[in-house]
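Chemist: Mind folding the following:
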Amino acid sequence: MLAALGRILQGPPLPIVGGLILLQALAMHVPVLLFGILFAGIVAAFLMLMRPLREAALILALSGIAYAALGYLLANDSSALLIPLLFLGTPALLAAILRLSDSLSLAILCGFIGAWIGAKVLGLLPLDLDQAWAAALESVRQAALEAGRPEPFGGLSAEWLGLIGTEVVMASLALLSTLLLLLARTWQSALSETPFFAQEFRATRYGRIADIVFLATVVATWWFPEPFMLGLSLTLVTAFLFPGIATVHRLADRIRYRLAVLIPFYILLLSLQEVPLIVATLGAVEDLLGWHRRAAGNNGIS
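Modeler: Numbers count the residues shown, from 1 in each chain. The predicted model follows:
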């Protein structure tokens, strides 16, 4: 099925434009099909990886503009202006960086750097985002306390946490876009004669300068937990999850029953809030100290 769909996405552009518009429209108006917008993001990244860049960019621009115009003019839906930009544009941009640089690591890192810069730019605009995040978090706190659940934010005030709300949202968007890119890359690899994604992902690393910046930022945040440092650390920890996960996969490959390692690892990663920091630090330290021989090919940033 994926092979047939892949051939369709390499065919005439107009049916692709129509299909992307339909996916966005269904996802926004039929809750059960919310996954459609995520699949549209995978398709956007896949187009950037498989078709000529200018042609893929034109297809995505036409589908995004058409959906935004139809949604805003016919339904007065202002969210229609952002949906194509966020769920088509960001995965496609990361795919374009990957296509031009031939470096998965660079594409992932650029996504998180862009997210942090975007958060700072939004913070300079007169949008009162900090107050909006604080109000939303206070509502969550009150709902938790009324339901008899423990304090949700570890005693931190909603006003203080609201100061990093924009960084949280932008880092989450970068994380989602990266996952969509990885799924598109997996799809591309599955259609190739010699699948390459597993080796490429296991070679993910950002280079020693980035490793030092990450570790220094984490230590500095521990001693000076100010909103600026906390927001930066949050973004970097999320970005360094991918080299950390790649390191765990490389270690698991040396074990006969690798699933016996990977299944508990992902359960812990998704269930314990301390594990992402440990995994991210593992990825940075492994690359910095060179504990294991790096994967074949230069997939990192030198």
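
Chemist: going forward, measure contacts between C-alpha atoms and count neighbours the same way
Modeler: Will do.

Chemist: which strands and helices sit next to the helix or strand hosting residue 209?
Modeler: For residue 209, the element it lies in under DSSP states H and E is helix 208-223. Judged by 3 or more CA pairs under 8 Å, 6 or more residues apart in numbering; DSSP states H and E, helix 208-223 is in contact with helix 227-252, helix 275-289.

Chemist: Next, the angle helix 275-289 makes with that helix.
Modeler: Interaxial angle of helix 208-223 relative to helix 275-289 (axes from the mean of the first three to the mean of the last three CA atoms, to 10 degrees): 140 degrees.

Chemist: Low-confidence bits of this structure, can you list those?
Modeler: Applying pLDDT under 70 to the chain flags residues 1-15, 17, 20-34, 70-81, 83-84, 145, 150-161, 291-302.

Chemist: Just give me the residue closest to the centre of it.
Modeler: Most central in the chain under CA atoms, centre = their mean is residue 175, positioned 2.0 Å from the mean C-alpha point.

Chemist: about what we covered before: between the helices and strands packed on helix 208-223, which one is closest to residue 198.
Modeler: Closest to residue 198 of the helices and strands packed on helix 208-223, according to CA to CA: helix 227-252, at 9.4 Å.

Chemist: Enumerate every residue touching the residue nearest to the centre of the chain.
Modeler: The contact partners of residue 175, by CA atoms under 8 Å, 6 or more residues apart in numbering, come to 112, 238-239.

Chemist: would a markdown table of those with neighbour count and distance to residue 52 be doable?
Modeler: Putting the contacts of residue 175 into a markdown table (neighbours: other CA atoms under 10 Å; distance: CA to CA, whole Å) gives the following:
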| residue | neighbour count | distance to residue 52 |
| --- | --- | --- |
| 112 | 24 | 25 |
| 238 | 19 | 31 |
| 239 | 25 | 28 |
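
Chemist: Among the helices and strands packed on helix 208-223, pick out the one with the most neighbours on average.
Modeler: helix 227-252 (a mean of 21; mean count of other CA atoms under 10 Å).

Chemist: I'd like to know which elements that one is packed against.
Modeler: helix 104-124, helix 165-191, helix 197-202, helix 208-223, helix 259-271, helix 275-289.

Chemist: So which of the ones you listed is the most surrounded?
Modeler: With neighbours defined as mean count of other CA under 10 Å, those peak in mean count at helix 165-191, which reaches a mean of 21.

Chemist: quick one: that helix to helix 104-124, angle?
Modeler: 160 degrees.

Chemist: Next, the angle helix 227-252 makes with helix 165-191.
Modeler: Computed by the same axes, to 10 degrees, the angle separating helix 165-191 from helix 227-252 equals 20 degrees.

Chemist: so how far is helix 165-191 from its chain's centroid?
Modeler: Between the centre of helix 165-191 and the centre of its chain there are 3 Å (CA atoms, centre = their mean, to the nearest Å).

Chemist: Stretch 44-56 too?
Modeler: With CA atoms, centre = their mean, you get 19 Å for stretch 44-56.

Chemist: same thing with stretch 112-123?
Modeler: Here stretch 112-123 is found 14 Å from its chain centre; the criterion is CA atoms, centre = their mean.

Chemist: With stretch 205-214 instead?
Modeler: Once both centres are worked out by CA atoms, centre = their mean, stretch 205-214 turns out to sit 19 Å from its chain's centre.

Chemist: Can you redo the contacts of residue 175 as TSV, where the extra columns are distance to residue 268?
Modeler: Converted to TSV, the contacts of residue 175 look like this (distance: CA to CA, whole Å):
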residue	distance to residue 268
112	23
238	16
239	18
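
Chemist: Show me which of these is closest to residue 87.
Modeler: Using CA to CA, those come closest to residue 87 at residue 112, 15.4 Å.

Chemist: List the contacts of stretch 210-219.
Modeler: For stretch 210-219, contacts defined as CA under 8 Å, 6+ apart pick out 229, 232-233, 236-237, 281, 284-285, 287-288.

Chemist: Kindly indicate which of those residues lies nearest residue 97.
Modeler: When the contacts of stretch 210-219 are ranked by distance to residue 97 (CA to CA), residue 236 comes first, at 19.2 Å.

Chemist: How much space separates the closest residue to the closest one other than its chain neighbours from residue 93?
Modeler: With CA to CA, 6 or more residues apart in numbering as the criterion, residue 236 has its nearest non-adjacent residue at 6.3 Å, and that residue is residue 214. Applying CA to CA, to the nearest Å, the value for residue 214 to residue 93 is 24 Å.
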